[in-house]
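K.L.:
fold the stuff below for me.
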Amino acid sequence: MLLLLLLTEAPKQGAEAFPVTCCLKTTDLKVQRHQLQKYTIQDTALCPLKAVRVITKKNKTLCLDPSSEWVIKTMAILDNRSTLQGTTSSDTPSHI
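P.N.:
Next up is the predicted model:
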């Protein structure tokens, strides 16, 4: 079932110079936060749906609702974790 939820992304079609992978829907799945490593915010400029793309430590992508309280808190925790670990700017959350 988790695999099915992880496969909610599809490559965006078009004449872009680079492939863009978009979340097509979000899930309410709540994963233990220690299993998460980073996130990016999917913007509607490139994809039809605003979503938070969370990457797990096993390199799986979850597409989450950016207005969810759990997601907002999770983003803050991940931001704080990367600040505490002294990561470089290439490791910090970014907008897609």
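K.L.:
mind listing what's buried in whichever helix in the chain runs longest?
P.N.:
Ranked by residue count under DSSP state H, the longest helix found in the chain is helix 69-84. Buried residues in helix 69-84, counted by 16 or more other Cβ atoms under 10 Å: 71, 74-75, 78, 82. The C-beta positions use only the backbone N, C-alpha and C, and glycine is treated the same way.
K.L.:
pull the most distant pair out of those.
P.N.:
Farthest pair in those (Cβ to Cβ) is V71 and S82. Separation: 16.6 Å.
K.L.:
could you pull out the strands for this structure?
P.N.:
Assigned by DSSP state E, the strands in the chain fall at 9-11, 21-23, 36-42, 51-56, 61-64, 94-95.
K.L.:
closest to T44 out of the buried residues of helix 69-84?
P.N.:
Nearest to T44 among the buried residues of helix 69-84, counting by Cβ to Cβ, is V71 at 16.6 Å.
K.L.:
nearest residue to that closest one in space, please, no chain neighbours.
P.N.:
Nearest residue to V71 in three dimensions, chain neighbours excluded: L64, at 4.7 Å (Cβ to Cβ, 6 or more residues apart in numbering).
K.L.:
by mean pLDDT, which helix or strand of the protein comes out lowest?
P.N.:
helix 2-6 (a mean of 44; mean pLDDT, DSSP states H and E).
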